[in-house]
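[1] structure of the sequence below:
(2 chains)
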Amino acid sequence: MLTISRELVDQIVAHARADHPDEACGVVAGRDGVPERFVRMENAERSPTFYRFDSMEHFRVWRDMDDRDEEPVVIYHSHTATEAYPSRTDVSYASEPFAHYVLYSTEFDQFRSFRIVDGVIEEEEVKILESNG
Amino acid sequence: MAIEVRIPTILRTYTDGAKAVDASGATLDELIGDLEARHPGLRARLVDEGKLRRFVNVYLNDEDVRFLGGLGTPVTDGDTVTVLPAVAGG
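    Numbering: from 1, shown residues only, chains lettered A, B, ... in the order given. The predicted structure follows:
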């Protein structure tokens, strides 16, 4: 199960909508599996059907996480014409076995989370923590 | 002295779980050859048909080796090589 704050969900959705019709992507860094720090990434492909982190930004963000003892708790990207379900390319390039792969569909307003390990997709429940502000 | 190679989570099965391992060589290609001798199977995850795999990023210190010289990039003791699988999909 992915437990994530409403604020982080809103940031992911806002990023996806801002970059629509291109796919948006990014990371939520955190510790002990708790997503905390939103990091919006460039989609180096600037494409409606593909995304890839810019290699230098990827390096800097991963090094920052290392320095802060963080991990990529969530790796998110948007689908802009299809459902929020991992595509074949999503599965073939999934390379962070401990991350929650979050997909947001701007077309269907769906926010879903998956584990992708060794080519196997497993959907998980998403629990959104509402702020009591 | 040696060259430190930082291994991403997904490839640590080849390094008994180690986050970083030492290797040596005069070029990235030689370094990967030395890595392969110590950790069999790693080379094929990094190199395909004599080129770095398209969806694996390799950095020498702070630079992507694609912008340096690919597998021919010279490396020296004290350098750090970082491997990160590309984060990509469709």
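
[2] show me what from chain B comes close to chain A.
    Residues of chain B that fall close to chain A, judged by CB under 8 Å from any CB of the partner chain: B:8-10, B:55, B:57, B:59, B:62, B:64, B:66, B:82, B:84-90. (Each C-beta comes from the backbone N, C-alpha and C, glycine too.)

[3] tell me, what residue is most central in the chain?
    Since no chain was named, I'll use chain A. Nearest residue to the geometric centre of chain A (CA atoms, centre = their mean): A:Tyr76, 1.0 Å.

[4] is it bridged to anything, and to what?
    Beta-bridge pairing of A:Tyr76 under DSSP bridges involves A:Gly26, A:Val102.

[5] mind listing the strands for chain B?
    B:3-6, B:20-23, B:47-48, B:51-52, B:56-60, B:63-64, B:80-85, B:88-89 (DSSP state E).

[6] could you redo those strands as TSV and give each row mean neighbour count and mean pLDDT?
    Output for the strands of chain B, formatted as TSV (neighbours: other CB atoms under 10 Å in any protein chain shown; pLDDT from 0 to 100):
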stretch	mean neighbour count	mean pLDDT
strand B:3-6	20	97
strand B:20-23	16	97
strand B:47-48	16	97
strand B:51-52	14	96
strand B:56-60	22	98
strand B:63-64	16	97
strand B:80-85	20	97
strand B:88-89	24	97
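
[7] of all these, which one comes closest to A:Gly119?
    With CB to CB, the closest approach to A:Gly119 among the strands of chain B belongs to strand B:88-89: 13.1 Å.

[8] and for the closest one, what are the contacting residues?
    Contact with strand B:88-89 is made by A:45, A:50-53, A:77, A:86-87, A:89-90, A:93-94, B:55, as judged by CB atoms under 8 Å, 6 or more residues apart in numbering or on different chains.

[9] so where's chain A uncertain?
    By pLDDT under 70, the weakly predicted segments of chain A are A:132-133.

[10] all helices of it, in order?
    Along chain A, the stretches classed as helices by DSSP state H are A:6-19, A:55-67, A:88-93.

[11] list the buried residues in stretch A:39-52.
    Residues of stretch A:39-52 classed as buried: A:Val39, A:Arg40, A:Met41, A:Glu42, A:Asn43, A:Ala44, A:Glu45, A:Pro48, A:Phe50, A:Tyr51, A:Arg52 (neighbour count, 16 or more other CB atoms under 10 Å in any protein chain shown).
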